[in-house]
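Enquirer: coords below, sequence missing:
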Ligand SMILES: Nc1nc2c(ncn2[C@@H]2O[C@H](COP(=O)(O)OP(=O)(O)OP(=O)(O)O)[C@@H](O)[C@H]2O)c(=O)[nH]1
Ligand SMILES: [Mg+2]
């Protein structure tokens, strides 16, 4: 699908953000272990572009991947991980805030919710925060391969109810089976080239 996927930088502060030529950025937010890094790999069809782990807390920096020299996919640390060191837990909000605020390159914030776990309290708080920043938000339900059809429909209804989103702003996906990824790619391409 994409020809060139390059890892650019693992940033720990605003001064390291690489996008000086104002290309579009898309960020993937969500709890630790929800599947953010796996999702970026599945989208880019690269197994190891972003590092993943079965243990929460794998991604610790804001990682920028440049796709076809046209846009960035941005991988960030997850929230809600109790074993994170005290310092990094306290800094989490500040860290993400530095990325999300005053960023006119940021076209869509994808909020990932595990379809098996359902929306958590932290997801609700994050959604409220994103709305307060007036960002363009799309909810991605992850790991749909782990949930049966009936349960999946129930979980989607729960996401709609708790996060207060419309049907058109939720995409159910699986990085494992690639289910739903075409819809997300369609959204990205529409942002990059509105005539698509
Ligand atoms: N079955 C299944 N497992 C998945 C899927 N996506 C991710 N996983 C698994 O979920 C675990 C966490 O995935 P990551 O992509 O590292 O999660 P993350 O959100 O980046 O986590 P942090 O970096 O810790 O915030 C890994 O064991 C993945 O293999 C999926 O679509 N289906
Ligand atoms: Mg990660």
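Expert: Nice, thanks for sending it over. Quick caveat, the model's predicted, so the values are computed rather than measured. Numbers count the residues shown, from 1 in each chain. Ligands and ions are numbered 1, 2, ... in the order given.
Enquirer: following the longest strand along the chain, which helix or strand shows up next?
Expert: In the chain, taking DSSP state E as the definition, the longest strand is strand 106-114. Using DSSP states H and E, the next helix or strand after strand 106-114 towards the C-terminus is helix 121-132.
Enquirer: right, is that following helix up against ligand 1?
Expert: No - against ligand 1, helix 121-132 shows no contacts by Cβ under 6 Å from any ligand atom, the least distance being 12.0 Å. Every C-beta, even on glycine, is put in place using the N, C-alpha and C of the backbone.
Enquirer: same question, stretch 179-194
Expert: No - on the criterion Cβ under 6 Å from any ligand atom, stretch 179-194 is out of touch with ligand 1, staying 8.2 Å away.
Enquirer: shaky segments in the protein?
Expert: 82-91, 196 (pLDDT under 70).
Enquirer: which parts of it are helices?
Expert: 36-44, 86-100, 121-132, 149-163, 181-192 (DSSP state H).
Enquirer: could you identify which of the ones you listed is most buried?
Expert: helix 36-44 (a mean of 24; mean count of other Cβ atoms under 10 Å).
Enquirer: centroid residue for this protein?
Expert: By Cα atoms, centre = their mean, the chain has its centre lying nearest to residue 28, at 1.4 Å.
Enquirer: pretty sure it sits against residue 42.
Expert: No - with contact defined as Cβ atoms under 8 Å, residue 28 does not count as touching residue 42 (11.1 Å).
Enquirer: what count of nearby residues applies to the nearest residue to residue 162 once chain neighbours are set aside?
Expert: The shortest distance from residue 162 to any non-neighbouring residue, by Cβ to Cβ, 6 or more residues apart in numbering, is to residue 119 (4.5 Å). Using other Cβ atoms under 10 Å, residue 119 has 24 other residues around it.
Enquirer: list the contacts of residue 119.
Expert: Neighbouring residues of residue 119 by Cβ atoms under 8 Å, 6 or more residues apart in numbering: 113, 158-159, 162-163.
Enquirer: distance-wise, check the closest residue to the residue nearest to the centre of the chain other than its chain neighbours relative to residue 195.
Expert: Leaving aside its sequence neighbours, residue 28 sits nearest to residue 36 (Cβ to Cβ, 6+ apart; 4.4 Å). For residue 36, the distance to residue 195 equals 30 Å [Cβ to Cβ, to the nearest Å].
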